[in-house]
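With the sequence up front, the predicted model follows.
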Amino acid sequence: MRFAKWHGAGNDFLLFLPEDGPELEKNLQRWAPRLCHRHMGIGADGVLLLLPEDQATIRLTYLNRDGSRAAFCANGSRCAAAFAFRRLRLSDMVLHTDFAPIPAKVHQSAVTLRLPPPQPVVGWLQLPVGEKFWRGFFVHVGVPHLVVPVAWRDFWSHPLAEAPLLRGHPLLGPEGANVHFVQVRGGELGLRSFERGVEAETLACGSGAVAAACVAVAEGWLSPPVAVRTASGRILEVAPESKNPWGPVRLTGPAEPVAEGEVAAELLENEI
C-alpha cells in the first residue's frame, strides 16, 4: 500500500488515493491508529483518503490519529489539495468534506481554501476547572473550537496543563472541542492548539486558526487579514471576505511534502 506524508504548518497527515491500496476504503479507519503511531507507525496527526468524483471534485474522508472520523480538517484539506495537484494535476478543485464543499486553489507552495461562515457562533463562556474559571469563545468551523485568550510571558513554552480538562468540559457538549490558547503578539495572533482525536498539542490547526482569527477581528484585537503564527513557526493567513467577521473566510498557508513510500504489510497486520 502506497502512502504520502505531507504537513500543513507542522500539522502532519498521511494521504491516500484508492489506487494506492485495494483495501483502503474498507479498512482505513481500523488502520489509522497504527499508521499514525509516532513510534511504531509512520507517524501523523491524521489520515486522509481522496476519492475523485469528477475532473475537479474530490471527496475527502478524514480520520483523526485515534481512528475517529472528523467532519473537517483545514490543514488536512490544504495538504489534500496540494497532494491532488501533484498526483492528479489539479490546481483548482472542490473538496467535498463532511462539513461542506470547500473550494481550494493551489499556488506554488501555498494553498487557499474558501470556507463557509462559522456555524454556530455560541460566544463567550465561563468554564470552571478546579478553583479557576477559564473564559473562552465557543464556535464551530466544521468542528467545535474553544478560543481562550491568555497573557503568558512564556507563551510558546507555557505548559498546557488545563487543556485536556477544557477539551472535554461538560459545558462544551458530549463531543468536547479543540482548545486554542491565543495571544496578540507584535501584530500577529499566536496560536497553540490541543486537538480532539490527537488528544495532545499539535503544531498547528487550520480550522482553529480560522476560529481564533474570526474572534480576534470580531473583538477588535486585530484587523484583517490576520496572520496566525502557529507553534511550528509557520504562519497561516485568515482573511474574512466581508466586513462581517462571521461571514465566508479564506485560509491560506503552506502545504509541504515530507515523504512517499510503501506501508509494510506487518504494520497493518499487527496490533499496536
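In hand now; what should we look at? Numbers count the residues shown, from 1 in each chain.

isn't residue 90 right next to residue 84, touching?
Yes. Residue 90 lies in contact with residue 84 (C-beta atoms under 8 Å); the separation is 4.8 Å. (C-beta placed from N, C-alpha, C; glycine too.)

what residues are shared contacts of those two?
58, 106 (C-beta atoms under 8 Å, 6 or more residues apart in numbering).

who has more neighbours, those two?
residue 84 (24 against 20; other C-beta atoms under 10 Å).

Name the helix or strand for the more buried one, please.
Here residue 84, judged by DSSP states H and E, is contained in helix 74-88.

per-residue confidence averaged over that helix?
Averaged over helix 74-88, pLDDT sits at 97.

Determine the set of other helices and strands touching the helix or strand following that helix.
Note on helix 74-88: by DSSP H and E, the next helix or strand toward the C-terminus is strand 92-96. Applying 3 or more C-beta pairs under 8 Å, 6 or more residues apart in numbering; DSSP states H and E, one finds that strand 92-96 makes contact with strand 57-64, helix 74-88, strand 101-107.

By mean pLDDT, flag the weakest helix or strand of the chain.
The helix or strand of the chain with the poorest confidence is helix 265-269; it has a mean of 91 (mean pLDDT, DSSP states H and E).

So for the helix holding residue 84, what gets flagged as buried?
Neighbour-count burial for helix 74-88, counted by 16 or more other C-beta atoms under 10 Å, picks out 74-85, 87.

Stretch 128-145 too?
Those would be 134, 136-145, for stretch 128-145 by 16+ other C-beta under 10 Å.

Let me know the outermost residue of this protein.
residue 131 (31.1 Å; C-alpha atoms, centre = their mean).

can you list the buried residues of stretch 128-145 in CSV and add distance to residue 183, pLDDT and secondary structure?
Supplementary listing: these in CSV, determined by distance: C-beta to C-beta, whole Å; pLDDT from 0 to 100; DSSP: H, G, I helix; E, B strand; the rest coil:
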residue, distance to residue 183, pLDDT, secondary structure
134, 14, 97, strand
136, 14, 98, strand
137, 14, 98, strand
138, 19, 98, strand
139, 18, 98, strand
140, 23, 97, strand
141, 20, 97, strand
142, 24, 96, coil
143, 22, 96, strand
144, 21, 97, strand
145, 16, 98, strand
